[in-house]
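Visitor: I would like to see how this sequence folds:
(one chain, ligands or ions: 1)
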Amino acid sequence: MSGSSASLQPPADAVKPVRHPDAPAPGDLLGAHYEHCFGCGPGQPHGLHLEARAGEGVALTAEFTVQPAHQGAPGLAHGGVLATALDETLGSLNWLLRTVAVTGRLETDYVRPVPVGTTLHLAAEVTAVAGRKIYSRAVGRLDGPDGPVAVRADALFVEVKVDHFIDHGRPEEIRAAMSDPDQVRRARAFEVNP
Ligand SMILES: CCCCCCCC/C=C\CCCCCCCC(=O)SCCNC(=O)CCNC(=O)[C@H](O)C(C)(C)COP(=O)(O)OP(=O)(O)OC[C@H]1O[C@@H](n2cnc3c(N)ncnc32)[C@H](O)[C@@H]1OP(=O)(O)O
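Guide: All right, here's what the predicted structure looks like:
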């Protein structure tokens, strides 16, 4: 069974997403938005270390290999970890819009179990934008980019200012992030609009 709820249907005044002119070129690795991000950060030993690559338009692909630390049932990926992989992949679309946005709603279908050791091949795209609301979807496949579907998600991201993180994040991590010029550069890269 699948099908997303009414709140994930774009409204009548929604428009097509526009790829930012300074978005990374198709094929480019997007890199981590934050060193300690559980989804993409190199500084998280048990994190997903998801690697996303820009596609054409407002779309991308990503890969994530399920590690023993990601188990739910013996030898199988935890559903919450798979939702994280989908969330992170969808969040990476921010790089192509050059907009900072956070997940408001994420609906996930689990279609096939995902064994430890599997590389999940993910693909995501923005389908519509309505004001601050960004509608997107993602799919994760086994055995390669054209393999059988294991997981799917529909999502609504909501645009926020960088202040969202500064206002709500724990002060010690915010202080460390703000004193790291590379982190500040990455945060700025999202907020430069045409
Ligand atoms: C230099 C130092 C700083 C460093 C910075 C680092 C750089 C960072 C760069 C990039 C970060 C990317 C990170 C990606 C990580 C992966 C993605 C995640 O996991 S994000 C974490 C999980 N998500 C949250 O924690 C959100 C928690 N929720 C909230 O904060 C708020 O609820 C928020 C912002 C989502 C909305 O709150 P409102 O007060 O701003 O806006 P309202 O008016 O409530 O909503 C706006 C519109 O969206 C709809 N909406 C909101 N939530 C909805 C929902 N759950 N379902 C349906 N519609 C929803 C509303 O109905 C409204 O629609 P109508 O304009 O009236 O048509």
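
Visitor: what ranges of this structure fall below the confidence cut-off?
Guide: Applying pLDDT under 70 to the chain flags the ranges 1-2, 190-194.

Visitor: and D109, backbone torsions?
Guide: D109 has phi and psi values of phi -110, psi 130 when expressed as degrees, to the nearest 10.

Visitor: pretty sure it is touching V151, no?
Guide: Yes: using C-beta atoms under 8 Å, D109 is in contact with V151, at 6.7 Å. All C-beta spots, glycine's among them, are computed from the backbone N, C-alpha and C.

Visitor: Neighbour count: those two, which is higher?
Guide: Neighbours per residue (other C-beta atoms under 10 Å) separate D109 from V151, with V151 holding more: 23 against 16.

Visitor: Quick check: bridge partners of Q71?
Guide: Beta-bridge partners of Q71, counted by DSSP bridges, are A77.

Visitor: is it true that it touches G117?
Guide: No: contact criterion C-beta under 8 Å: Q71 and G117 do not qualify, at 10.8 Å.

Visitor: neighbour count winner among the two?
Guide: With neighbours defined as other C-beta under 10 Å, Q71 and G117 compare such that Q71 has more, 15 against 11.

Visitor: which residues sit in contact with that one?
Guide: Listed by C-beta atoms under 8 Å, 6 or more residues apart in numbering, the contact set of Q71 reads A77, H78, V116.

Visitor: What residues does the protein have near the ligand?
Guide: Contacts of the chain with the ligand, taken as C-beta under 6 Å from any ligand atom, map to 7, 33-34, 87-88, 91, 94, 100, 102-105, 131-133, 156, 158, 160, 162, 165-166, 177-178, 183-184, 187, 190.
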